[in-house]
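Asker: 3D model of this:
(chains A and B)
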Protein chains: 2
Amino acid sequence: MPAQTAKKPEPVERQPSAAAGRFGDGGRYSEILAHAAKLFASGGFAGASMQDLASAVGITKASLYHFFKDKEEIHSSVVLIALERLSWLVDERVAARATATDRVDAFCRAHAEFLASDGDFYISAAMGYKSITDPEVKRKARALRTGYEQKLRDIIQAGIDAGEFRPLDTLLGARAIISCLNWMARWWKPGGPQSAEEIASAYAALIIRGFLPDK
Amino acid sequence: MPAQTAKKPEPVERQPSAAAGRFGDGGRYSEILAHAAKLFASGGFAGASMQDLASAVGITKASLYHFFKDKEEIHSSVVLIALERLSWLVDERVAARATATDRVDAFCRAHAEFLASDGDFYISAAMGYKSITDPEVKRKARALRTGYEQKLRDIIQAGIDAGEFRPLDTLLGARAIISCLNWMARWWKPGGPQSAEEIASAYAALIIRGFLPDK
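Answerer: Okay, here's the model as predicted:
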């Protein structure tokens, strides 16, 4: 039941992700998902076969079907886990901050932290969203994405209500920020002069200037 | 020689694009590229076969090979044409404006105009960039993308030099704007309450606020 498993993972911890054992049970199931995320991130849903995945994990294709019904089920699990983990991480980081400016910064940093530490899952979700065919999985994925944007809109709205930000279109403001963050996945590579978190925080600072009241 | 043809298209005109006859010769060559862009935009490079394309155009597969060596050549032509047309359109629109603020706005509007009028080419280029294998085509596509970002950085720098904008990291500023514009291709659909140009202009206004000097 991957969709259910994906709904109740352990709390996000600030630690480097391992190729396996990341998602609670520490076993074969997590290992399969980690390898699947890697394959989906590099070749998309169409580019990864069950045989590729079985070979990557080092098990037979028949064993793979013991864990998952089909490739769709594995793919859905990867996408939902990615969207859910991103969401929890952002919640956790934002909760630790007080002002709207700081919360927007925390939101951006958490997003970048997830990209940097769980890039395969992140990219699988970003690329693979459109490949989902199961209506129930599609609905969950859409709700997670909408909810993610809504979190940021709520932070901006709270900033407006507190007089910290000028009255502004929260949808436009949230989309601008999320666009910057999402687009990072297309160009940012580890090992550059700036960490993903630093870049995300610089985007936050730039766009928040546009949120501030005049004078 | 599609790559050469792609280098010398006619000036961009403000007119709705037709499925065929858009790229100068008004004939079969343009028609093939328009259909190819449509196929690549919906299924990616891997999702479109030469047979699909021949059927869409209404010619035999053998006739298709009369125009293009292989699918790679067609794909490269679509991607390069898209990047070049976007670039020319932006140049034309920006040249008509005077201040840096107005030029950034024109840049954003032109980008959105291209997305709205030539969405298949736009999306083929955005999605298909990574599928290019020919090193020469890769180099050209990369140069076009880098040059595109540089145009916007130059506009921002001119604004800083003129005192219209505060001193700021032009790479960060340009990337923020281009991220918003690029991400629109993932969510914007024709027929919504706001046109693509209106949304792009609103992004420009929001982010330019972050470029303005204090007070």
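
Asker: okay, CA-based contacts and neighbour counts for the rest of this
Answerer: Will do.

Asker: up against chain B, what does chain A have?
Answerer: A:172-173, A:175-176, A:179-180, A:182-183, A:202-203, A:206-211, A:214-215 (Cα under 8 Å from any Cα of the partner chain).

Asker: now those residues: which count as buried?
Answerer: Buried subset of the residues of chain A next to chain B (neighbour count, 16 or more other Cα atoms under 10 Å in any protein chain shown): A:172-173, A:175-176, A:179-180, A:182-183, A:202-203, A:206-211.

Asker: need the mean per-residue confidence for the longest helix anywhere in chain A.
Answerer: Taking DSSP state H as the criterion, chain A has its longest helix at helix A:135-161. Averaging pLDDT along helix A:135-161 yields 96.

Asker: for it, the distance to its chain's centre please.
Answerer: 13 Å (Cα atoms, centre = their mean, to the nearest Å).

Asker: does anything pack onto it? Which helices or strands?
Answerer: helix A:71-95, helix A:100-117, helix A:170-187 (3 or more Cα pairs under 8 Å, 6 or more residues apart in numbering or on different chains; DSSP states H and E).

Asker: flag every buried residue along the longest one.
Answerer: When you say that, I think you mean helix A:71-95. Neighbour-count burial for helix A:71-95 [16+ other Cα under 10 Å]: A:71, A:73-94.

Asker: what's in contact with that helix?
Answerer: Applying Cα atoms under 8 Å, 6 or more residues apart in numbering or on different chains, the contact partners of helix A:71-95 are A:2-3, A:6-7, A:11-12, A:33, A:36-37, A:40, A:45, A:49-50, A:68, A:103-104, A:106-107, A:110-111, A:114, A:121-122, A:124-125, A:128-129, A:132, A:137, A:140-141, A:144-145, A:148.

Asker: check contacts around A:I178.
Answerer: Residues counted as contacts of A:I178 (Cα under 8 Å, 6+ apart) are A:E149.

Asker: centre-most residue in chain A?
Answerer: For chain A, the residue nearest the mean C-alpha position is A:L86 (3.8 Å; Cα atoms, centre = their mean).

Asker: where in chain A is pLDDT low?
Answerer: For chain A, the stretches flagged by pLDDT under 70 are A:1-26, A:215.

Asker: mind redoing it with 50?
Answerer: Along chain A, segments meeting pLDDT under 50 span A:1-25.

Asker: thinking again about what came up before, taking the contacts of helix A:71-95, please make a PyMOL selection of just the buried ones.
Answerer: Buried residues among these (16+ other Cα under 10 Å), as a PyMOL selection:
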select buried, chain A and resi 2+3+6+33+36+37+40+45+50+68+103+104+106+107+110+111+114+121+122+124+125+128+129+132+137+140+141+144+148
